Structures are given as structure tokens and as C-alpha cells.
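**Student:** Here is my input; please provide its structure:
(one chain, ligands or ions: 1)
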Amino acid sequence: MSTVLAGYGLVKKYDSTTALAGVDVEVHERDSLAIMGPSGSGKSTLLHTLAGIIRPDGGQVLLRGDRIDKLGENRLSALRRKRFGFVFQFGQLLPELPAEENVALPLMLEGVPRKEAVERARRWFAPLGLDGLEHRRPGQLSGGQAQRVAIARALAVEPDVVFADEPTGALDQRTSDEVVRLLTSVTRASGAALVMVTHDADVAAHCDRILQVRDGRISNYSPFTVA
Ligand SMILES: Nc1ncnc2c1ncn2[C@@H]1O[C@H](COP(=O)(O)OP(=O)(O)OP(=O)(O)O)[C@@H](O)[C@H]1O
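**Tutor:** Coordinates of the predicted model:
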């Protein structure tokens, strides 16, 4: 299976804190990887480093074999917009735009004309169980629906990798289960890989692999569900 995204020997320090102390990780095509670990262990730092948001002090990040951690800021932010999708804990949808335009926005930012962008955006509504909600504004959606719109927005550019940081953190158990099920299945069907930080072992269990981080190091790399 081909490696889409890799981090080798990743080190990140904040003054006296070592957030990442030499992490190696590979993410394969259509792979879903959950990053778990105690608070402050380095999960978000790892996700942000792999996503080109934080630059490591040591090590390398490669996207399909090309090193991205040394790219200039403009090229790196263009790469993040085109090749990565992001889902956050609180959907971070624009409240004044209807759902379909929220999903179309990343395409419009890439220069796709509005009509075509909205048409392409609408294609994600059925797979994510959002049919009929295209014209609703975020304030008229439930928490689970809003997160599914956020997933559609992340997938709209047809990215290589979707990064999700506690995507179910604000949802109840049942909604969380439904959202993570769709996040993993629709992302896989799109051909993208998924890297997700979560505190919730039930959520992580939907992923192909679970990576445990402790004190900035990988303590366990498991293809199995953690207890
Ligand atoms: N911008 C920063 N400045 C200084 N220290 C930071 C910064 N960001 C993170 N840290 C520190 O780096 C370590 C790892 O933080 P990180 O946010 O990656 O942990 P986490 O596992 O995601 O935690 P949580 O589960 O609480 O979100 C922590 O000790 C944190 O205090």
C-alpha cells in the first residue's frame, strides 16, 4: 500500500517543553489513523506538524514522497488548501452562508466559479446523509448535521488527507458514533487518508490504526482497538 503522508524523526520544542521527541509515522492511501494519548502528550502538535501548520524543529514531513516542511509559507498554505481537508471540534462554518456555500467555499478559494463550486459541493450531501439541508444556515442545523457539513467541506477539494481534531468532541455519544462512522467511510470512499485526534476510544475504534502518544513519543502503534 502506498504511503501518502509520512513524518520521520519529528521533534518539536516549546522553550523547555518537548512536545514531540522523535516521532515516526506513516499514513497509507485510504488509511485512517487515530491519535490518542493523555492531555499534553503531543497529539495536536503531531497533527498540526503533519498538516504543515506547525514546522518541526527536527525531522521531515513528506507528502507522496515530497518534503513539505521546508516549503515557503505561500506554497505551504496553497498546498494545505488543495491537498488537505480539515475538520475541527466545533464545525467552524460561516454562520451567514447556507450549508452548500460553506462546502463550496474551499473550491471558490481555489478559483472554481461559484456555480460549478456549488454543484460540486452538493454531491457530498447525499453520501453524508444531508439531503435537503443544502440551503440551511449553520444555526438551523443540529450539532451532528453541522459536523457532517464540515466533513463535506473538508472533502470538497478532494484532498489527499483529511485531518480531524476532536471532530466529535462537542457531540453526544449517539451523534458522535454516527458522525465518525460517516467521516471514516466517506473519506475512505473518496480515496483520501484520515488522521484524527480523539480522546474517545469508541471513536478511535472506527479507524484502521490507533497510535498512542505519551510525552511526545509513540508508546503503542496498534492495528487493534485499545481498551
Ligand atoms: N504554542 C505553545 N507554546 C508552548 N507550549 C506549547 C504550545 N503548544 C503546545 N505546547 C505544549 O506542548 C505539549 C504538547 O501539547 P499538545 O497540545 O500537542 O498536547 P495534546 O496531547 O494535544 O493535549 P490535549 O489533549 O490537552 O489537547 C504540552 O506540554 C503543551 O503545553
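**Student:** hey, let's count contacts and neighbours off CA atoms from now on
**Tutor:** Fine.
**Student:** so Gly169 sits in a helix?
**Tutor:** No. Counting by DSSP: H, G, I helix; E, B strand; the rest coil, Gly169 is not found in a helix; it is coil.
**Student:** Could you find the closest non-adjacent residue to it?
**Tutor:** Gln89 (5.6 Å; Cα to Cα, 6 or more residues apart in numbering).
**Student:** can you pull the contacts of that neighbour?
**Tutor:** Applying Cα atoms under 8 Å, 6 or more residues apart in numbering to Gln89 gives the contacts 164-170.
**Student:** If you rank those by neighbours, which is first?
**Tutor:** Taking other Cα atoms under 10 Å as the neighbour criterion, Thr168 ranks highest of these with 28 neighbours.
**Student:** And that residue, what's its pLDDT?
**Tutor:** We have a pLDDT of 90 for Thr168.
**Student:** which stretch of helix or strand covers the residue nearest to it when sequence neighbours are not counted?
**Tutor:** Of all residues beyond its chain neighbours, the one nearest Thr168 is Ser176 (5.2 Å), with distances taken as Cα to Cα, 6+ apart. Per DSSP states H and E, Ser176 falls inside helix 173-190.
**Student:** Need the residue closest to the centroid of the protein.
**Tutor:** Geometric centre of the chain, nearest residue: Phe163, 1.4 Å, by Cα atoms, centre = their mean.
**Student:** Which pLDDT value belongs to that residue?
**Tutor:** Per-residue confidence for Phe163 comes out at a pLDDT of 98.
**Student:** my guess is it meets Arg83, correct?
**Tutor:** No. Under the criterion of Cα atoms under 8 Å, Phe163 is not in contact with Arg83, lying 10.9 Å apart.
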